[in-house]
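S.K.: After the sequence you'll find the predicted model.
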Amino acid sequence: MPTSSNVAPNDLSAFWMPFTANRQFKKAPRMFVAAKDMHYTTSDGRQVLDGTAGLWCVNAGHARPKIVEAIANQAAELDYAPAFQMGHPKAFELANRLVDLAPEGLDHVLFTNSGSESVETALKVALAYQKVIGQGSRTRLIGRERGYHGVNFGGISVGGIVTNRKMFGTLLTGVDHLPHTHNLAKNAFSRGEPTHGVDLADELERIVTLHDASTIAAVIVEPVAGSTGVLIPPPGYLQRLRDITKKHGILLIFDEVITGYGRLGTPFGADYFGVVPDIMVTAKGLTNGVIPMGAVMVSKEIHDAFMQGPEHVIEFFHGYTYSGNPIASAAGLATLETYKDEGLLTRGAELAKVWEDALHSLKGLPHVIDIRNIGLVGAIELQPIDGQPTKRAFAAFLKAFEQGLLIRTTGDIIALSPPLIISESQIGEIVSTLSGILKTLE
Ligand code: PLP
């Protein structure tokens, strides 16, 4: 029976949709009205297999009972508590669980409401930390080309996506960028970490020589760049960044908004690569995408540097009305419990080989110029149509949706990141649907 929630509204004009081709969408809307486990239901009653965990966030699959129940109970018990100068137990409990889960040494947590806010928080902590320890000349931030760190001003400044930056003036000044590590000429069709490019990390030494270490506060990178098309670092690359930053007193920030919470088959990307940053930025999978929340984990050394001066004085002037919100905290706790109960934070490792073989079986199909994979993430890069970049991959996205599969495209790259509960036969389904589509693309 139609209800207001399962029919498409007939006026779509008011909502200016994010990162969406609004005019195209509103001519032929694609609406989800329900979701359960691995599937969405569309407004016309079709089932769509979720090949992207929503937007890289629904790692435990949809409408998981523990999480649903925790949210409902928390809303009834304590809906909101002021985040400043007051507390509630679940935020502290969640912070402790996260510290237990995080790599050794990341002992303190700041809560936010999104990946973008987590990035801003991390950058501000880094700058303030340098000031607090008497290194106030360290104001420069180093990001990376093709990095995505959300859409706020700090994030787009250190980020390396021209379309996200070019409209907004000078952004943060004193920012420089490492080169990205993506190299199709040398690394196309790599399985897992690509062989070539570790020396690109040495570009950081060049940047340090150019600006002097005394001006640089922090380097921020995604362990695997997700949003610009799954760019996987060569072995040793992140360790080299760690060595160089340590040598020069520069903080290393990992943006693990996508790589966190099991995506690579380990709790965090830091675990996968065996490299511990000073600050780790997370969001998305923290609450299974259900309630907006982010968490920034910082080292004890950073935290302790702030804990000085008169005790009644606020140590760090930063925070959000909803930092550690009770319902988000309850969702986070239930999500971590679900991950633990079902072994989801390491399930990506168990499935990685099946996933890799399945994706690479698409090699040789029309337009496919690269396939890459790590953990339970993959990308299929297509040759763009001459003079019409993005059009070919977007056509694949529309066809996939019609055929009951949700994929994500960025540029001419198809990115895949299914919920970690996916079955082997559903992996097969993703690949056979894509195979059919690739054969028919213009
Ligand atoms: N950082 C990374 C690495 C991301 O992938 C994203 C989102 O995809 C963000 C930050 C921004 O997160 P949000 O959209 O929650 O602000």
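M.R.: Yep, that arrived.

S.K.: so who does the closest residue to the ligand within the chain touch?
M.R.: Taking CB to the nearest ligand atom as the measure, the chain has Gly115 as its residue closest to the ligand, at 2.1 Å. Placement of C-beta: from N, CA and C, glycine included. Applying CB atoms under 8 Å, 6 or more residues apart in numbering, one finds that Gly115 lies in contact with 149-150, 255, 257, 281-284, 294.

S.K.: now with 6 Å?
M.R.: With contact taken as CB atoms under 6 Å, 6 or more residues apart in numbering, Gly115 is in contact with 150, 257, 283, 294.

S.K.: do the same with Ala126
M.R.: Ala126 makes contact with 217-218, 251, according to CB under 6 Å, 6+ apart.

S.K.: again, 7 Å this time
M.R.: For Ala126, the contacting residues are 217-218, 251, 253, 279, by CB atoms under 7 Å, 6 or more residues apart in numbering.

S.K.: now for those residues, which pair is the farthest apart?
M.R.: Of all pairs drawn from the contacts of Ala126, the greatest distance, 11.0 Å, lies between Ala217 and Ile279 (CB to CB).

S.K.: Now for the two: what residues contact both?
M.R.: Residues touching both Ala217 and Ile279 (CB under 7 Å, 6+ apart): 126, 251.

S.K.: how many other residues sit next to Tyr40?
M.R.: Tyr40: 22 surrounding residues under other CB atoms under 10 Å.

S.K.: Ok, Met307 next?
M.R.: By the criterion of other CB under 10 Å, Met307 has 11 neighbours.

S.K.: From Ala396, how far off is the closest residue to it other than its chain neighbours?
M.R.: Nearest residue to Met307, sequence neighbours excluded (CB to CB, 6 or more residues apart in numbering): Glu315, at 6.0 Å. Separation of Glu315 from Ala396 (CB to CB, to the nearest Å): 50 Å.

S.K.: ok, those two, which is more surrounded?
M.R.: Ranked by neighbour count (other CB under 10 Å), Glu315 and Ala396 place Ala396 first, with 23 against 14.

S.K.: okay, now the domains of the protein?
M.R.: According to the domain assignment given by automatic domain parsing, the chain is divided into the following structural domains: 22-60+344-440, 68-341.

S.K.: could I get those as CSV with mean pLDDT?
M.R.: As requested, the domains of the chain are arranged in CSV below (pLDDT from 0 to 100):
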stretch, mean pLDDT
domain 22-60+344-440, 98
domain 68-341, 98
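
S.K.: how about these in CSV, adding distance to Ser13?
M.R.: Putting these into CSV (distance: least, CB to CB, whole Å) gives the following:
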stretch, distance to Ser13
domain 22-60+344-440, 7
domain 68-341, 23
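
S.K.: circling back: ok, which of the contacts of Gly115 also contact the ligand?
M.R.: Residues shared between the contacts of Gly115 and the neighbourhood of the ligand are 150, 257, 283 [CB under 6 Å from any ligand atom].

S.K.: re the thing from before, looking at the domains of the chain, which is nearest to Phe15?
M.R.: domain 22-60+344-440 (8.7 Å).

S.K.: What's the end-to-end length of that closest one?
M.R.: Between the opening and closing residues of domain 22-60+344-440 we find a distance of 26 Å, counting by CA to CA, to the nearest Å.

S.K.: going forward can the numbers begin at 35, since that is how I track them
M.R.: With 35 as the first residue, the last one maps to domain 56-94+378-474.

S.K.: Quick check: which element contains Ser150?
M.R.: With secondary structure defined by DSSP states H and E, Ser150 is part of helix 149-166.

S.K.: May I have that helix exported as CSV, CA atoms only?
M.R.: Only the C-alpha atoms of helix 149-166 are listed here, as CSV (Å, rounded to 0.1, in the frame of the first residue of the first chain):
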residue,chain,number,x,y,z
GLY,A,149,34.2,13.1,7.9
SER,A,150,34.6,16.7,6.8
GLU,A,151,34.3,17.9,10.4
SER,A,152,36.8,15.2,11.5
VAL,A,153,39.3,16.5,9.0
GLU,A,154,38.8,20.1,10.2
THR,A,155,39.2,18.9,13.8
ALA,A,156,42.4,17.0,13.0
LEU,A,157,44.0,19.9,11.1
LYS,A,158,43.1,22.3,14.0
VAL,A,159,44.5,19.9,16.6
ALA,A,160,47.7,19.6,14.6
LEU,A,161,48.1,23.4,14.3
ALA,A,162,47.2,24.0,17.9
TYR,A,163,49.5,21.3,19.1
GLN,A,164,52.5,22.8,17.4
LYS,A,165,51.7,26.1,19.0
VAL,A,166,51.2,24.5,22.5
